[in-house]
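starting from these lines, generate the structure:
(one chain, ligands or ions: 2)
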Amino acid sequence: MEENTNTTPSNFIRDIIEDDLKTGKHAKIHTRFPPEPNGYLHIGHAKSICLNFGIARDYKGQCNLRFDDTNPTKEDVEYVDSIQEDVKWLGFDWEDRMYYASDYFQKLYDFAVKMIKEGVAYVDNSTAEEMKNQKGTPTEPGTNSPCRERSIEESLDLFERMKNGEFEEGAYTLRAKIDMASPNMHMRDPLIYRIKKATHHNTGDEWCIYPMYDYAHPLSDWFEGITHSLCTLEFEIHRPLYDWFLDVLHLENRPRQIEFARLNLTYTVMSKRKLLELVTEKYVSGWDDPRMPTICGLRRRGYTPESIRNFADKIGVAKRDAMTDVALLEHGIREDLNKRAPRVMAVLNPLKVVITNYPDDLTEEMETINNPEDPSMGSRKIPFCKEIYIEQDDFREDPPKKFHRLYPGSEVRLKSAYIIKCNEVIKNDKGEITELHCTYDPETKSGGSSTRSVKGTIHWVSARHGKKAEVRLYDRLFVIEDPSSHEELSFKELLNPHSLDINENCFIEPELAKAKAGDKFQFMRMGYFCVDPLSTDEKLVFNRTVGLRDSWAKLEKKDS
Ligand code: ATP
Ligand code: MG
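Ligands and ions are numbered 1, 2, ... in the order given. The predicted model follows:
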């Protein structure tokens with residue numbers, strides 16, 4: 001028996017699929033992920049990717065990657081490339097099955113001709129305005145277009161001439177002949193083809209008529225032998241039309257459309273149009289700005305594919321739209337990095353400490369373990385000397401109650417080193433603290449035999465050995481949970497002005513200077529960080545993936 005590697009929880013779509021396999025409706029499951037190449041993929045797409053590819057994996061089926069490129073004006077090869085990179089990075093493989101809806105333009109045209117011949121489609125020369133008036137309203141039926149009874153021969157001739165480029169944009173359309181009184185507005189003689197004199201990223205100037213999504217999609221599914229066509233809820237109302245095209249073309253072994261709720265995440269926006277605006281209007285540094293909910297943004301921020309796949313499993317698949325707390329996504333990456341990220345020391349806001357009784361020229365190599373969660377990750381040595389940096393926040397001249405770190409007269413343990421005592425605060429002319437003078441207790445070396453203990457332990461970096469680095473701290477991109485729903489303000493007026501905090505004056509352990517782009521660490525007490533792809537030996541740059549505090553875990557505990 002084959003090992004069952006399926007760890008994904010069941011859901012109503014998997015129930016349908018299991019049933020279809022049991023009853024023999026399908027011998028093999030075939031799904032597809034159909035992005036429109038008009039933007040970069042975001043975490044919502046990741047949900048759809050994990051669903052479609054995950055089902056194919058778990059039921060020994062196949063999942064295609066299909067670019068849904070029926071709109072020539074908004075699409076671009078830059079997006080085609082980034083989408084492939086992102087799907088692969090998430091850990092999925094379409095093997096040799098990467099398709100374009102535009103691969104089917106000829107077949108789609110031929111099927112449209114067939115529909116005209118069967119009397120279920122006609123060429124219309126109503127203007128956009130006239131068509132709008134024919135449409136009716138949700139409570140009033142529409143009216144038939146005067147072109148509806150055009151002869152088949154005439155429609156065939158006009159359609160061919162549309163294809164040949166004889167008419168201007170908007171002069172003619174091809175429409176489905178369904179029912180102008182249908183309670184479903186999408187069934188009121190919807191468009192099948194429109195004229196667009198635009199160059200297509202894939203087919204160039206070969207075509208000047210382009211099929212509508214509602215027509216191209218069911219047929220592309222059928223051409224590829226898709227069994228289950230999974231899409232988001234807004235397409236539920238389009239499903240009768242999806243089925244209608246398959247019906248009137250008398251197609252067998254038909255795909256079935258099933259809708260699920262899209263992912264909405266707090267404190268961000270997920271529409272590609274809005275994300276594009278943020279990029280083109282330079283509110284962010286690009287599609288891969290680490291504050292963006294895009295897959296490349298999350299990757300640059302330090303998210304792992306595993307954490308995103310686990311997130312997709314955790315949120316599940318439902319039939320009703322809801323808002324997911326971004327804290328759940330953060331909880332997932334924290335859990336993942338807790339297991340795999342080595343602990344290191346970095347001081348983000350340095351304050352110099354001189355250990356006055358420590359030998360001037362001595363450097364000791366202090367042993368420290370790399371990850372208490374995983375002993376197999378071993379240990380390393382960090383240099384310690386007379387001059388170190390500590391975090392400004394770890395010192396208070398006037399400490400509040402229960403402050404167990406450094407203040408005049410107090411003692412604190414330096415992680416993996418000694419207990420030190422603060423004796424003197426040195427200030428400049430302006431009264432600003434420039435350094436602390438401390439003494440150390442040589443008996444208290446970590447790992448030694450001393451039993452003396454103090455309440456606080458703080459991190460540090462040798463001032464003589466540490467390397468300078470830039471650290472970028474990120475906060476939520478928007479100030480409210482659902483920036484798309486504000487009644488008066490546009491989403492761009494709700495951007496968080498403090499979403500990026502650049503700190504160029506950090507000190508990191510010398511070892512860390514060897515880290516490569518994408519390497520991930522826990523900076524002790526400061527959060528999880530990863531090396532930015534544009535980091536260089538001359539200028540080291542780290543992005544904070546997420547802080548250490550877990551508001552999600554706390555909530556869960558409270559709930560249980
Ligand atoms: P937008 O509305 O922002 O333009 P889209 O849905 O049109 O996005 P597509 O490229 O057409 O983007 O999406 C590809 C697939 O991903 C579709 O099957 C779509 O239903 C799915 N998808 C898009 N956004 C989400 C989301 N937020 N959650 C789950 N699935 C999504
Ligand atoms: Mg779409």
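
for residue 343, give its distance to residue 389.
For residue 343, the distance to residue 389 equals 17 Å [C-beta to C-beta, to the nearest Å]. Using the backbone N, CA and C atoms, a C-beta is placed for each residue, glycine as well.

kindly report the same for residue 479.
For residue 479 relative to residue 389 (C-beta to C-beta), the value is 33 Å.

compare these two (neighbour count), which wins?
A count of neighbours by other C-beta atoms under 10 Å puts residue 389 above the other of residue 479 and residue 389, at 23 against 16.

who is that one paired with across the strands?
Beta-bridge partners recorded for residue 389 (DSSP bridges): residue 352, residue 461.

wait, it touches residue 507, no?
Yes - using C-beta atoms under 8 Å, residue 389 makes contact with residue 507 at a distance of 5.0 Å.

for residue 35, what are its contacts?
Residue 35 sits next to 41, 45, 67-68, 83 when contact means C-beta atoms under 8 Å, 6 or more residues apart in numbering.

of all these, which comes closest to ligand 1?
residue 45 (4.7 Å; C-beta to the nearest ligand atom).

neighbours around the closest residue to ligand 1 within the chain, how many?
Of all residues in the chain, residue 44 sits closest to ligand 1, at 2.2 Å by C-beta to the nearest ligand atom. Residue neighbour count, defined by other C-beta under 10 Å, stands at 19 for residue 44.

what do you get for residue 411?
Applying other C-beta under 10 Å, we find 21 other residues in the vicinity of residue 411.

for the stretch 301-450 of the chain, just list every one of the strands.
For the stretch 301-450 of the chain, strands defined by DSSP state E, counting those that start in this stretch occupy the ranges 343-344, 346-347, 350-355, 364-369, 379-384, 387-391, 411-414, 419-427, 433-440.

so, low pLDDT: which residues of this protein?
For the chain, the stretches with pLDDT under 70 are 1-6, 551-560.

near ligand 1, which residues of it?
Contact residues (C-beta under 6 Å from any ligand atom) of the chain with ligand 1: 34-36, 44-45, 47-48, 68, 231-232, 262-263, 270-272.

in this protein, which spans are helices?
12-22, 43-58, 77-89, 105-117, 128-134, 152-163, 213-223, 239-248, 272-280, 295-301, 305-315, 326-340, 551-559 (DSSP state H).

could you check the angle the second one makes with helix 272-280?
So that's helix 43-58. Here helix 43-58 runs at an angle of 120 degrees relative to helix 272-280 (axes from the mean of the first three to the mean of the last three C-alpha atoms, to 10 degrees).

which of the residues in helix 43-58 are buried?
Neighbour-count burial for helix 43-58, counted by 16 or more other C-beta atoms under 10 Å, picks out 43-58.

kindly report the same for the third one.
Buried residues in helix 77-89, defined by neighbour count with 16+ other C-beta under 10 Å: 79-80, 82-84, 86-87, 89.

number of nearby residues for residue 394?
22.

what's the distance between residue 460 and residue 394?
From residue 460 to residue 394 the distance is 9 Å (C-beta to C-beta).

roughly how far apart are residue 215 and residue 105?
From residue 215 across to residue 105, the span is 12 Å (C-beta to C-beta).

just want to know which of those two has more residues nearby.
The neighbour comparison of residue 215 against residue 105 (other C-beta under 10 Å) goes to residue 215, with 25 against 21.

distance of the residue nearest to the more buried one when sequence neighbours are not counted relative to residue 164?
Once flanking residues are discounted, residue 215 sits nearest to residue 192: 4.7 Å by C-beta to C-beta, 6 or more residues apart in numbering. Residue 192 sits 17 Å away from residue 164, going by C-beta to C-beta.

please apply the same query to residue 391.
The gap separating residue 391 from residue 164 is 72 Å, by C-beta to C-beta.

what's the answer for residue 122, then?
Taken as C-beta to C-beta, the span from residue 122 to residue 164 is 18 Å.

on that earlier part again, residues in contact with the residue nearest to residue 215?
Contacts of residue 192 (C-beta under 8 Å, 6+ apart): 112, 115, 121, 173-176, 211-212, 215.

same question for residue 234.
Residue 234 sits next to residue 262 when contact means C-beta under 8 Å, 6+ apart.

how about 10 Å then?
Neighbouring residues of residue 234 by C-beta atoms under 10 Å, 6 or more residues apart in numbering: 259, 262, 321.

now swap in residue 336 and tell me
Counting by C-beta under 10 Å, 6+ apart, residue 336 touches 303-308, 310-311, 520, 528, 545.

and the furthest pair within those residues?
311 and 520 (16.8 Å; C-beta to C-beta).

which one's more surrounded, these two?
Using other C-beta under 10 Å, the more surrounded residue of residue 311 and residue 520 is residue 311, with 24 against 21.

look up the closest residue to the more buried one, ignoring the ones flanking it.
residue 332 (4.7 Å).

sorry, back to before: among the strands of the stretch 301-450 of the chain, show me which one is buried the most.
Here the criterion is mean neighbour count by mean count of other C-beta atoms under 10 Å, and of the strands of the stretch 301-450 of the chain the winner is strand 346-347, at a mean of 27.

within the sheet, what are the partner strands of that one, with directions?
Strand 346-347 pairs in its sheet with strand 500-508 (antiparallel), by DSSP bridges.

looking at residue 122 and residue 164, which is more packed in?
For residue 122 versus residue 164, the count of surrounding residues by other C-beta under 10 Å is larger for residue 122: 25 against 10.

my read is that that one contacts residue 178, right?
No - using C-beta atoms under 10 Å, residue 122 is not in contact with residue 178, being 11.0 Å away.

joint contacts of the two?
Common neighbours of residue 122 and residue 178 (C-beta under 10 Å, 6+ apart) are residue 189.

how close does the residue nearest to residue 367 when sequence neighbours are not counted get to residue 440?
Nearest residue to residue 367 in three dimensions, chain neighbours excluded: residue 379, at 5.5 Å (C-beta to C-beta, 6+ apart). Remark: distance between residue 379 and residue 440 (C-beta to C-beta) = 22 Å.

the residue nearest to residue 311: neighbour count?
Neighbour number of residue 332 under other C-beta under 10 Å is 24.

wouldn't it be in contact with residue 298 here?
No - using C-beta under 10 Å, residue 332 and residue 298 do not qualify as a contacting pair, with a distance of 11.1 Å.

residues shared between the contacts of the two?
With C-beta under 10 Å, 6+ apart, residue 332 and residue 298 have common neighbours 304, 307-308.

hang on, isn't residue 288 packed against residue 296?
Yes - counting by C-beta under 10 Å, residue 296 is a contact partner of residue 288 at 3.9 Å.

residue 524: what's it in contact with?
Counting by C-beta under 10 Å, 6+ apart, residue 524 touches 343-346, 368, 415-416, 457-460, 548.

what would these look like in JSON lines with distance to residue 202?
Shown next, in JSON lines, are these (distance: C-beta to C-beta, whole Å):
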{"residue": "343", "distance to residue 202": "49"}
{"residue": "344", "distance to residue 202": "47"}
{"residue": "345", "distance to residue 202": "52"}
{"residue": "346", "distance to residue 202": "47"}
{"residue": "368", "distance to residue 202": "55"}
{"residue": "415", "distance to residue 202": "57"}
{"residue": "416", "distance to residue 202": "58"}
{"residue": "457", "distance to residue 202": "60"}
{"residue": "458", "distance to residue 202": "58"}
{"residue": "459", "distance to residue 202": "54"}
{"residue": "460", "distance to residue 202": "57"}
{"residue": "548", "distance to residue 202": "47"}
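
quick check, nearest of those to residue 246?
Closest to residue 246, out of all of the contacts of residue 524 and judged by C-beta to C-beta, is residue 548, at 52.9 Å.

what's the burial count for that closest one?
Residues lying near residue 548 (other C-beta under 10 Å) number 14.

contact partners for it?
Counting by C-beta under 10 Å, 6+ apart, residue 548 touches 334, 337-338, 522-528.
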